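# My questions are about this predicted structure, shown below with the sequence.
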Amino acid sequence: MSKIIGGYYGSRFAGLDHKVALVMGFGLNARGIMELVIANIAFKAGLITSEIFSILVIMGVLTTITTPMMLKWGFKKME
């Protein structure tokens, strides 16, 4: 949610209208691959536990799956 909200308010601050700003926020939500790489490095280095690693993997997969659906919905709202 923080990326969506941050993207939305950043877009509004830049002068974009409500619907476009919302789609920008949705677009910033996709972060799956990079998050998995960083989580894997941190886990192998012993910086995080297996429980935290599992949570990060689930969160990365869910955000990667849901972002296209949210973008599709947002683009329909823009029309």
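Arrived safely, thanks for sending. What you see is a predicted model; the values in this text were computed from it and never measured.
# In contact with the residue most central in space within the chain, which residues?
Central residue of the chain (C-alpha atoms, centre = their mean): Asn29, 1.9 Å from the mean position. Counting by C-beta atoms under 8 Å, 6 or more residues apart in numbering, Asn29 touches 3-4, 7, 63, 66-67, 70. Every C-beta, even on glycine, is put in place using the N, C-alpha and C of the backbone.
# one more time with 10 Å
1-4, 7, 63-64, 66-67, 70-71 (C-beta atoms under 10 Å, 6 or more residues apart in numbering).
# Ok, His18 next?
8, 11-12, 77-78.
# Mind checking which of these are buried?
Buried subset of the contacts of His18 (neighbour count, 16 or more other C-beta atoms under 10 Å): 8, 11-12.
# For Leu22, the count of nearby residues, please.
Residues lying near Leu22 (other C-beta atoms under 10 Å) number 21.
# likewise the one 5 residues further on?
Using other C-beta under 10 Å, Gly27 is surrounded by 16 other residues.
# Leaving out chain neighbours, which residue sits closest to it?
Excluding its sequence neighbours, the residue lying closest to Gly27 (C-beta to C-beta, 6 or more residues apart in numbering) is Leu71, at 6.2 Å.
# Need the phi and psi values for the one you found.
phi -60, psi -40 (degrees, to the nearest 10).
# Which of the three states applies to Leu16?
coil (DSSP: H, G, I helix; E, B strand; the rest coil).
# Which phi and psi values does it adopt?
Per degrees, to the nearest 10, the backbone of Leu16 is at phi -80, psi 150.
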